[in-house]
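S.K.: generate coordinates for the sequence data below:
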Amino acid sequence: MKTIIFLVCLFFIGVCLAEEEAVAVVCSGNQRACGAYSCYDPTSQQCYAGGLVCGFFQRACGNRCYDPQSQQCYPGGLVCGFFQRATV
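M.R.: Numbering: from 1, shown residues only. Alright, predicted model coming up:
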C-alpha cells in the first residue's frame with residue numbers, strides 16, 4: 001500500500017514539474033503563438049516547427065530562414081546563394 005501511495009505521489013510531482021516547463025506564450029493583437037516562446041503575424045509571417053518565424057516569402061532551412069528566390073537550402077540547415085556551392 002505504501003508503494004502505491006509513493007508511486008501516485010511521484011506521478012503527481014512529475015506532472016507538476018512538466019507543467020512548469022511548458023511556457024504558454026501570450027501574443028497581442030492578431031498575433032498567434034508559434035511554439036512555446038514566439039509570436040508571429042499570420043498576415044506577413046509563417047510559423048515553422050520548433051517556433052521558427054520567417055517572413056511570408058521565406059522558407060525554413062533547419063533553424064534558419066532563407067529566400068528561395070535567391071538561396072538554396074541544403075541538408076543540415078546550410079543556406080547558400082544560387083551561385084555558391086555547398087562543400088562538406
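S.K.: residues near the nearest residue to residue 35 once chain neighbours are set aside, how many?
M.R.: Nearest non-adjacent residue to residue 35, counting by CB to CB, 6 or more residues apart in numbering: residue 51, 2.3 Å away. Glycine gets a C-beta too; all of them are placed from N, C-alpha and C. Using other CB atoms under 10 Å, the number of residues around residue 51 comes to 16.
S.K.: I'd guessed residue 51 sits against residue 34; true?
M.R.: Yes: in this structure residue 51 lies within contact range of residue 34 using CB atoms under 8 Å: 5.2 Å.
S.K.: ok, now which ones touch residue 77?
M.R.: Contact analysis of residue 77 by CB atoms under 8 Å, 6 or more residues apart in numbering lists 61-64.
S.K.: let's see that with 6 Å instead.
M.R.: 61-62, 64 (CB atoms under 6 Å, 6 or more residues apart in numbering).
S.K.: how about residue 81?
M.R.: residue 71.
S.K.: any idea of the pLDDT on it?
M.R.: Looking at residue 81, its pLDDT stands at 90.
S.K.: hmm, back to that, which phi and psi does the residue nearest to residue 35 have?
M.R.: phi 80, psi 20 (degrees, to the nearest 10).
S.K.: on that earlier part again, just the buried residues from the contacts of residue 77, in PyMOL please.
M.R.: The buried subset of the contacts of residue 77, as determined by 16 or more other CB atoms under 10 Å, is captured in PyMOL by this line:
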select buried, resi 61
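S.K.: quick one: which of the contacts of residue 77 is nearest to residue 44?
M.R.: residue 64 (18.4 Å; CB to CB).
S.K.: measure that closest one to residue 24 for me?
M.R.: 26 Å (CB to CB, to the nearest Å).
S.K.: let me see the ranges of the helices in the chain.
M.R.: Taking DSSP state H as the test, the helices found in the chain are 2-21.
S.K.: all strands for it, in order.
M.R.: For the chain, strands defined by DSSP state E occupy the ranges 32-34, 38-40, 45-48, 52-55, 59-61, 64-66, 71-74, 78-81.
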